[in-house]
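K.L.:
what's the 3D shape of this:
(4 chains)
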There are 2 protein chains.
Amino acid sequence: MGRRRALEYDCAIRDVLDRIGDAWSVLVIMELSKGPCRFNALRRVIEAISQRMLSVTLRNLERDGLVSRQVLDTSPPQVEYSLTQRGASLHGAISHLAHWAETHQPGIRTSRAAYDAKEPIAS
Amino acid sequence: MGRRRALEYDCAIRDVLDRIGDAWSVLVIMELSKGPCRFNALRRVIEAISQRMLSVTLRNLERDGLVSRQVLDTSPPQVEYSLTQRGASLHGAISHLAHWAETHQPGIRTSRAAYDAKEPIAS
DNA sequence: GCACATAGTTACCTGAAAGGAACCGCCATG
DNA sequence: CATGGCGGTTCCTTTCAGGTAACTATGTGC
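P.N.:
Modelled structure (predicted):
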């Protein structure tokens, strides 16, 4: 996200795009919107995510008050992540965008194909 | 955007986040939502953008059918960019998110400050 | 007492994207 | 005839998000 700091405009939407524009945050939010989940449980459902990136992503989301981290005093101690109210409301906003994406994806794919057809990948 | 190809999930929302999650697309869409604009006019209002990135951004948006590029037959020929209907509808969806961002930004900043205070930057 | 799970952290590496600057042809005005 | 605007492209360099892998510490079960 560092490259965005180069931009000197300070717009609220960039703040949120810097958070959810990355590869994993949306996935994690989507998953947690279904209910609380533990670290390794998340890893298993998201599959492709590395341990490090799940850790980093969760910490960033926690920092922004979008997810909360709760250590259960089971033995061995488990850690449960869940969306905060703010996180849930962000999930709502994302869903809105997701809906747009789904309805327009076919058209976008068509546009891309048409565009790429006009400009063949010159060798 | 290439790094996202590593992810094997193919979700509509990623498609749109790959487009608008970057540094400039949202800015350009925002600006064009006010009305058509020429290349160098865009450069001047966005200021921080480099010629190259404006070029790349516009081409990507055009590829997805979000903006249209129209060469005016003035002399010298000028090029006018404008939002397509699809682009305008994306602008609507983005505004929704922007609204969320604005209402929650203060809270997020507070959360960040609190979080960072707890974990001082260990030297 | 060895292996495995839970929940991470740390160090190192790489590929792709962003930045910078120069260059292009075209036109027009001084 | 050269300087500047227009609308880009090309090349080079740097940055950094994300991947891999190893390591941590605690606890449980075979």
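K.L.:
Let me know how buried the residue nearest to A:I49 when sequence neighbours are not counted is, in neighbour terms.
P.N.:
Computed as C-beta to C-beta, 6 or more residues apart in numbering or on different chains, the closest residue to A:I49 that is not its neighbour in sequence is A:W24, at 5.8 Å. Every C-beta, even on glycine, is put in place using the N, C-alpha and C of the backbone. Look at A:W24: counted by other C-beta atoms under 10 Å in any protein chain shown, it has 20 neighbours.
K.L.:
cool, and A:L27?
P.N.:
Applying other C-beta under 10 Å, we find 22 residues neighbouring A:L27.
K.L.:
pLDDT value on it, please?
P.N.:
In this model, A:L27 is scored at 94, pLDDT.
K.L.:
got the contact list for the closest residue to it other than its chain neighbours?
P.N.:
What sits nearest to A:L27 in space, not counting adjacent residues and going by C-beta to C-beta, 6+ apart, is A:I46, at 5.7 Å. By C-beta atoms under 8 Å, 6 or more residues apart in numbering or on different chains, the contact set of A:I46 is A:24, A:27-28, A:31, A:54.
K.L.:
Go through those and flag which are in helices.
P.N.:
If you go by DSSP state H, these have A:27-28, A:31, A:54 in helices.
K.L.:
could you give the angle of the longest helix belonging to chain A to helix A:25-32?
P.N.:
Secondary structure of chain A per DSSP H: the longest helix is helix A:85-118. On the basis of axes from the mean of the first three to the mean of the last three C-alpha atoms, to 10 degrees, helix A:85-118 is oriented at 130 degrees to helix A:25-32.
K.L.:
right, is helix A:85-118 up against DNA strand C?
P.N.:
No - contact of helix A:85-118 with DNA strand C (C-beta under 7 Å from any atom of the strand) is absent, the minimum separation being 14.8 Å.
K.L.:
and chain A, which of its residues are near DNA strand C?
P.N.:
So far as C-beta under 7 Å from any atom of the strand goes, chain A lies against DNA strand C at A:3, A:6-7, A:38-41, A:51-52, A:55, A:58-59, A:69, A:76-80.
K.L.:
Now do the contacts for the residue nearest to A:H96 when sequence neighbours are not counted.
P.N.:
The shortest distance from A:H96 to any non-neighbouring residue, by C-beta to C-beta, 6+ apart, is to B:H96 (5.3 Å). For B:H96, the contacting residues are A:93, A:96-97, by C-beta under 8 Å, 6+ apart.
K.L.:
What's the nearest residue in chain A when you look at chain B?
P.N.:
Closest contact between chain A and chain B, by C-beta to the nearest C-beta, is at A:G21 (2.8 Å).
K.L.:
Check which helices and strands the host helix or strand of A:D18 sits against.
P.N.:
Per DSSP states H and E, A:D18 falls inside helix A:12-20. Contacts defined by 3 or more C-beta pairs under 8 Å, 6 or more residues apart in numbering or on different chains; DSSP states H and E place helix A:12-20 against helix A:25-32, helix A:85-118, helix B:25-32, helix B:85-118.
K.L.:
Swap in 7 Å and give it another go.
P.N.:
Counting contacts by 3 or more C-beta pairs under 7 Å, 6 or more residues apart in numbering or on different chains; DSSP states H and E, helix A:12-20 packs against helix B:85-118.
K.L.:
Thank you, goodbye.
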